[in-house]
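Visitor: Please find the sequence and the predicted model below.
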Amino acid sequence: MITKQISFLFLAILLQVLFFVYPLSGNSGILFNLFLLCPLPLYFLGILFGYRYVIFASIPAILIIYSYGVNIAIAYFFLFAIPGVYLSYFIGLNKTTSTEDNEIIWYPLSLIFSKIIMLSLILSIIGILFLGTNIVDYNNTISAIYSDVYQIRPDLEETIQLNNIALMSASLPSILVAFWIMIFLVNLWIATKITKKVDGKARSWDGFDEISLPKNYIYLLIVFLALAFVTAGIIKVMSITGATAILVGYSINGLSVLHNVTKNFNLRPLVLTTLYILVLLFVPFIIPVTILGIMDYKNNLRNKIKSRR
């Protein structure tokens with residue numbers, strides 16, 4: 001058993017470093033997307049062995065990444081190591097019932113999902129404040145960052161244009177917060193599938209169709225939207241980022257509702273496949289899905305739809 005744990009630990013360390021450092025090598029192509037899989041080894045260890053093993057894997061990885069630069073190591077520490085340990089702690093939380101079968105009750109997936117949203121939002125806001133506490137410094141820093149990106153990845157210069165730095169400065173945090181939410185959530189889903197193949201006794205998860213956000217998130221959304229309209233400067237940027245994070249959460253909530261209410265449909269695979277294709281090809285189609293998620297703010301929309309049907 002110890003040999004198995006050590007083997008997975010070394011594998012996780014190597015994969016972390018590979019996934020994080022490879023995109024910085026200047027190579028383009030599909031392997032550049034390895035960066036998106038950085039949380040996967042951490043989730044894998046967290047589900048199988050607990051958050052302590054995530055700590056054991058993160059420290060050597062940070063030291064190896066440190067050889068590429070202090071800033072890169074710090075970025076990895078905040079973007080993946082700390083979130084990996086934090087989420088793995090909740091992933092491993094459980095209690096045993098007092099019934100005869102001693103059933104294990106795990107920390108709900110919905111609450112882990114809500115923590116992913118808040119964690120992504122906090123990381124984005126910290127990033128905004130790190131780049132500049134006022135809008136002028138923030139915009140100047142954004143321009144400098146894009147210049148540095150062009151030096152590392154010249155192939156991106158044709159894709160990213162700085163014609164309107166104010167627009168890009170305002171939209172970049174919103175893009176990143178949505179990016180982090182999807183990275184953390186998708187890697188968690190992949191990790192659960194892999195761990196089930198490796199160890200059938202790994203924790204059991206709620207279905208995707210049961211995901212929902214806490215009720216108080218609707219009030220957070222209202223506050224962020226109000227601040228986005230009445231404030232200016234760096235506060236406006238942070239408010240837009242906050243509203244985006246909550247709306248992305250409700251979009252996923254809406255998809256979960258659709259997965260739930262179509263359970264007994266004969267054409268369910270066709271309906272869901274069509275839905276995802278429409279969302280991917282026509283991004284505005286996500287708006288009604290998001291509205292559906294917001295309508296579920298009391299977490300009872302699924303039952304209402306089923307009862308009426």
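Guide: Yep, it's here.
Visitor: quick one: residue 297 from residue 191, how far?
Guide: 29 Å (C-beta to C-beta, to the nearest Å). In short, each C-beta sits where N, CA and C put it, glycine included.
Visitor: my bad, residue 231
Guide: For residue 231 relative to residue 191 (C-beta to C-beta), the value is 38 Å.
Visitor: Those two: which is more packed in?
Guide: Comparing residue 231 with residue 191 by neighbour count (other C-beta atoms under 10 Å), the higher total belongs to residue 191, at 23 against 14.
Visitor: ok, that one - contacts?
Guide: Contact analysis of residue 191 by C-beta atoms under 8 Å, 6 or more residues apart in numbering lists 40, 43, 44, 46, 47.
Visitor: cutoff 10 Å now
Guide: By C-beta atoms under 10 Å, 6 or more residues apart in numbering, residue 191 lies in contact with 39-48, 88, 91, 202.
Visitor: Then residue 47?
Guide: 54, 88, 91-92, 188, 191-192, 194-196, 198-199, 202-203, 205.
Visitor: Of the residues you listed, which is the nearest to residue 242?
Guide: Checking these against residue 242 by C-beta to C-beta gives residue 188 as the nearest, at 22.1 Å.
Visitor: Distance of that closest one relative to residue 211?
Guide: Counting by C-beta to C-beta, the gap from residue 188 to residue 211 is 11 Å.
Visitor: Can you check which residues contact both of the two?
Guide: Joint contacts of residue 188 and residue 211 (C-beta under 10 Å, 6+ apart) are 109, 112, 113.
Visitor: Report how many residues lie close to the nearest residue to residue 95 once chain neighbours are set aside.
Guide: Distances taken as C-beta to C-beta, 6 or more residues apart in numbering put residue 105 closest to residue 95, at 5.4 Å, once the chain neighbours are dropped. Neighbour count for residue 105, taken as other C-beta under 10 Å: 10.
Visitor: On the three-state scheme, residue 105 is what?
Guide: strand (DSSP: H, G, I helix; E, B strand; the rest coil).
Visitor: from the contacts of residue 191, which is closest to residue 225?
Guide: For these, the nearest to residue 225 is residue 39 (29.2 Å; C-beta to C-beta).
Visitor: check contacts around the closest one.
Guide: Taking C-beta under 10 Å, 6+ apart as the test, what residue 39 contacts is 16, 19, 46, 79-81, 83-84, 87-88, 180, 183-188, 190-191.
Visitor: do residue 94 as well
Guide: So residue 94 contacts 104, 105, 106, 107, 203 (C-beta under 10 Å, 6+ apart).
Visitor: Name the member of those residues with the most neighbours.
Guide: That'd be residue 203 among these, by other C-beta under 10 Å, with 18 neighbours.
Visitor: In space, what's closest to it - neighbours in sequence excluded?
Guide: residue 106 (5.1 Å).
Visitor: so what's that neighbour up against?
Guide: Residue 106 neighbours (C-beta under 10 Å, 6+ apart): 90, 91, 92, 93, 94, 95, 112, 203, 204, 205, 206.
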